[in-house]
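1. mind looking at a prediction? Sequence and model below.
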Amino acid sequence: MPDEQTTTPGGDTGESKAFSPHIPFETPGFFLRGSGNLDWGMKNRLSRIFNPKSGRTVMLAFDHGYIMGPTTGLERIDLNIVPLCEHVDVLMCTRGVLRSCIPPTVTKPIALRCSAGATILKDLSYEHVGVDIEDAVRLDAAAMAVQVYVGGEHEHDTLENLTKTIDAGNRYGIPTLGVTAVGREMVRDARYLGLACRIIAELGAHYVKTYYCESDFEQVTAACPVPIVIAGGKKLPELDTLKMCYNAVQQGAAGVDMGRNIFQADKPVAMAKAVSAVVHQLMPPADAYQMYQDA
Ligand code: 5RP
């Protein structure tokens with residue numbers, strides 16, 4: 001009598017073990033907020049960006065030069081940024097810097113800055129989509145980043161940049177990061193940031209970058225159906241940055257996309273490690289700061 005558990009419908013007991021018919025085929029969910037219905041390529045890229053164990057990410061942003069030129073700390077990307085790459089999860093940069101300064105042996109996922117066309121000398125919100133989707137594919141981008149100025153003079157154009165990029169990315173399985181750029185006339189409070197993040201998510205961005213705000217930040221993350229990462233903003237004392245990261249993550253952020261507060265720190269590698277400990281292990285800021293000082 002053949003073993004019931006290893007018999008295939010065809011009755012061949014010799015080969016049936018390999019089919020393990022008694023083990024149910026599992027259909028697990030996906031770890032990332034709002035991303036369960038995406039296709040395999042999207043999910044795979046998002047799993048390179050967000051650590052599937054912690055569900056969070058530390059992105060290093062060093063795309064500032066595309067509007068600001070040689071920003072403090074970014075004068076020599078080959079010297080200042082390349083040594084940081086191994087200590088973060090994702091690199092956010094322009095295609096110019098990627099091709100000229102980042103060795104292709106660095107295999108960290110790339111969030112490619114794809115909006116362009118403005119500088120600090122003129123209206124920052126006057127952007128267009130500055131990277132062809134084929135070039136993003138060629139560079140193996142894990143995500144494309146587009147600046148959005150909700151309430152800004154060129155709000156309509158920047159929202160169009162976002163939707164065009166999302167459509168192009170959807171054709172190739174590349175997620176889009178919508179960046180809430182806050183014009184000088186806007187207040188960085190939960191009401192404004194919540195509005196901007198929600199609009200960006202509703203238009204189809206796969207994750208959103210915004211600023212942290214002291215009051216009601218948890219309402220910003222709660223009302224955004226996709227993951228939010230926070231920018232660091234202007235340089236703060238290191239302990240304050242670590243506190244901001246800790247609070248943001250405790251209040252629902254899925255990590256950081258941070259530039260100046262890492263590469264302008266006195267010890268950038270130590271700062272990248274300390275931020276990573278806070279984001280992924282929820283290390284208390286005082287302990288992470290001690291780790292930073294001891295480095
Ligand atoms: C500009 C960006 C920058 O990459 C980002 O703001 C840089 O991060 P930080 O503010 O931490 O220096 O997206 O909008």
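-> It's in.

2. gap between stretch 138-156 and the chain center?
-> Mean-position distance between stretch 138-156 and its chain equals 13 Å (CA atoms, centre = their mean, to the nearest Å).

3. check the separation of the first and last residues in it.
-> From its first residue to its last, stretch 138-156 covers 29 Å (CA to CA, to the nearest Å).

4. and that stretch, average pLDDT?
-> Regarding stretch 138-156, the rounded mean pLDDT is 96.

5. buried stuff in it?
-> Residues of stretch 138-156 classed as buried: 141-150, 152, 154-155 (neighbour count, 16 or more other CB atoms under 10 Å). Placement of C-beta: from N, CA and C, glycine included.

6. among those, which are located in strands?
-> In this view, those that belong to strands under DSSP state E are 143, 144, 145, 146, 147, 148.

7. which ones are touching the closest residue to residue 171 other than its chain neighbours?
-> Counting by CB to CB, 6 or more residues apart in numbering, residue 171 lies nearest to residue 133, which is 7.2 Å off, once chain neighbours are set aside. Neighbouring residues of residue 133 by CB atoms under 8 Å, 6 or more residues apart in numbering: 168, 169, 171, 172, 174.

8. looking at those, spot the one nearest residue 118.
-> Using CB to CB, residue 168 comes nearest to residue 118 of these, at 20.4 Å.

9. so which bits of the one helix or strand that closest one maps to are buried?
-> According to DSSP states H and E, residue 168 maps onto helix 155-172. For helix 155-172, burial by neighbour count (16+ other CB under 10 Å) applies to 155, 157, 158, 159, 161, 162, 164, 165, 166, 168, 169, 170.

10. will you turn the residues you listed into CSV that also has distance to the ligand?
-> As requested, these are arranged in CSV below (distance: CB to the nearest ligand atom, whole Å):
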residue, distance to the ligand
155, 15
157, 16
158, 11
159, 16
161, 13
162, 13
164, 18
165, 14
166, 17
168, 19
169, 17
170, 22
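
11. hmm, back to that, after the helix holding residue 168, next one along is what?
-> Counting by DSSP H and E, the next helix or strand C-terminal to helix 155-172 is strand 176-180.

12. helices of the stretch 101-250 of the chain, residue ranges please.
-> Secondary structure of the stretch 101-250 of the chain (DSSP state H, counting those that start in this stretch): helices at 133-138, 155-172, 190-202, 217-222, 238-250.

13. just put the ones you listed in a markdown table and tack on distance to residue 96.
-> Shown next, in a markdown table, are the helices of the stretch 101-250 of the chain (distance: least, CB to CB, whole Å):
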| stretch | distance to residue 96 |
| --- | --- |
| helix 133-138 | 11 |
| helix 155-172 | 18 |
| helix 190-202 | 25 |
| helix 217-222 | 32 |
| helix 238-250 | 28 |
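
14. so who does the residue in the stretch 101-250 of the chain that the ligand sits nearest to touch?
-> The ligand sits closest to residue 232 of the stretch 101-250 of the chain, with a gap of 3.0 Å, by CB to the nearest ligand atom. Contacts for residue 232 were tallied using CB under 8 Å, 6+ apart; they are 61, 241, 244, 256, 258, 259, 260, 261, 262.

15. count of neighbours near the residue nearest to residue 207 when sequence neighbours are not counted?
-> Spatially, and ignoring its direct neighbours in sequence, residue 207 is nearest to residue 227 (4.4 Å; CB to CB, 6+ apart). Look at residue 227: counted by other CB atoms under 10 Å, it has 26 neighbours.

16. quick one: residue 227 and residue 34 touch, right?
-> Yes: the pair residue 227 and residue 34 passes the contact test of CB atoms under 8 Å, sitting 7.3 Å apart.

17. is residue 164 in contact with residue 130, as I believe?
-> No: taking contacts as CB under 8 Å, residue 164 lies outside contact range of residue 130: 11.4 Å.

18. could you give the angle of the helix or strand harbouring residue 270 to helix 238-250?
-> Using DSSP H and E, the element containing residue 270 is helix 268-281. Per axes from the mean of the first three to the mean of the last three CA atoms, to 10 degrees, the angle that helix 268-281 makes with helix 238-250 is 30 degrees.

19. thanks a lot, catch you later.
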